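Novice: below are the sequence and a predicted model; questions follow.
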Amino acid sequence: MGLLCMTKYEVDGRKLENQIAYREALLDSRSSNAYKSWEPQDNQELMMLMNSLNINQLAKQLKRKPGAIRSRIKKLNLNISLNSENGKSR
């Protein structure tokens, strides 16, 4: 009886073996700011764009994952609807 090997980590369609490889791939991917600290100018850019872009667009613009955008919006207590992934943020 063989074991089913499921890849836990994937970035841009590439399957990765471990968390270290995953983080390195994130740094080289579209989310190049992943795991980096938020700088004051990042917060300002987020606040400036959040009413005109949806979460996925914000993530692409700020080079972060959508979850990071949602978390930052909550941390900054910004008034935005987090249910909108594809539509405009409110």
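Specialist: Yep, that arrived.
Novice: got any ranges where this protein has weak pLDDT?
Specialist: Flagging of the chain using pLDDT under 70 yields the residue ranges 1-7, 27-29, 31, 80-90.
Novice: could you show me where the strands are in it, in order?
Specialist: Counting by DSSP state E, the chain has strands at residues 9-11, 14-16.
Novice: show residues contacting stretch 14-31.
Specialist: With CB atoms under 8 Å, 6 or more residues apart in numbering as the test, stretch 14-31 has contacts from 7, 9-12, 32, 34-35, 59-60, 63-65. For every residue, glycine as well, the C-beta is placed using N, CA and C.
Novice: got those residues as CSV, with distance to residue 79 columns?
Specialist: Shown next, in CSV, are those (distance: CB to CB, whole Å):
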residue, distance to residue 79
7, 38
9, 34
10, 33
11, 32
12, 33
32, 28
34, 25
35, 27
59, 19
60, 22
63, 24
64, 20
65, 22
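Novice: for ChimeraX, what selects the buried ones among those?
Specialist: One line in ChimeraX is enough to select the buried ones among these; burial here means 16 or more other CB atoms under 10 Å:
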select :9,11,34,59,63,64,65
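Novice: list the ones among the contacts of stretch 14-31 that fall in helices.
Specialist: Counting by DSSP state H, those place 59, 60 in helices.
Novice: sorry, back to before: CSV for the strands of the chain, including distance to residue 48?
Specialist: CSV is the format used below for the strands of the chain (distance: least, CB to CB, whole Å):
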stretch, distance to residue 48
strand 9-11, 28
strand 14-16, 33
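Novice: those strands: which one's closest to residue 45?
Specialist: Judged by CB to CB, the one of those that comes nearest to residue 45 is strand 9-11, at 23.3 Å.
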